[in-house]
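Participant: could you look at this predicted model? Sequence included:
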Amino acid sequence: MTKHRCGWCVGDPLYEAYHDHEWGVPVYDDSTIFEFLILETFQAGLSWITILRKRENFRKAFDDFDYKKIATYNHKKIETLLQNKGIIRNKLKVNATITNAQAFMKVQDEFGSFSKYIWDFVNGKPIKNHIENYKDAPAKTALSDKISVDLKKRGFKFVGSTVIYAHMQATGMVNDHEVACFRYNAV
């Protein structure tokens, strides 16, 4: 008997592995949260599978998603990134990644960790939705609107409400697995 998975991932082994092992699992580690923030930033306007297929290229290009290093990138490093065919070569998104790394560390200084800051929006525990069909999941919510506004005030770029809601789903702040999905109760 096969496992029931959320419909959005079925049929692609990479998508299924991501769904089965990462998507919706609560993440409290700042480094991993930052990785997802970068990937969601680059995903804006593109499909998530495109980003997943380039994930390891992003990891190499962006120093294993080390926000402390990324915050110090100079013009030469930016030019190198813009020549890297393995990633999305969007100058605005590359620059936003550097800006976001700097803003990320400011949030850490203020709250002790980015994790504490972001998880406080949901009182430290995931919101468990009851989605029957993945197509019925929202693209954004009032809460993602609120987080987006707050992040923008703190200097973050490419953090619109839709990007933030996708980030919330990926990092387990919200459980949008279909209720029949084998991962729904697991996360």
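Facilitator: Yep, that arrived.

Participant: doesn't residue 172 belong to a helix?
Facilitator: No. Using DSSP: H, G, I helix; E, B strand; the rest coil, the assignment for residue 172 is coil, not a helix.

Participant: just give me the neighbour total for it.
Facilitator: Neighbours of residue 172 under the rule other CB atoms under 10 Å: 21. Using the backbone N, CA and C atoms, a C-beta is placed for each residue, glycine as well.

Participant: might you report the residue contacts of it?
Facilitator: Residue 172 makes contact with 24-27, 126, 187, according to CB atoms under 8 Å, 6 or more residues apart in numbering.

Participant: who wins for neighbours among those?
Facilitator: That'd be residue 24 among the contacts of residue 172, by other CB under 10 Å, with 24 neighbours.

Participant: how about that residue: what's its closest non-neighbour residue?
Facilitator: Distance criterion CB to CB, 6 or more residues apart in numbering; nearest residue to residue 24, sequence neighbours excluded, is residue 187 at 4.5 Å.

Participant: okay, which residue is most central for this structure?
Facilitator: Nearest to the mean C-alpha position of the chain, by CA atoms, centre = their mean, lies residue 36 at 3.2 Å.

Participant: related to what we said a few turns ago, make TSV out of the contacts of residue 172 and add secondary structure.
Facilitator: TSV is the format used below for the contacts of residue 172 (three-state DSSP):
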residue	secondary structure
24	coil
25	coil
26	coil
27	coil
126	coil
187	coil
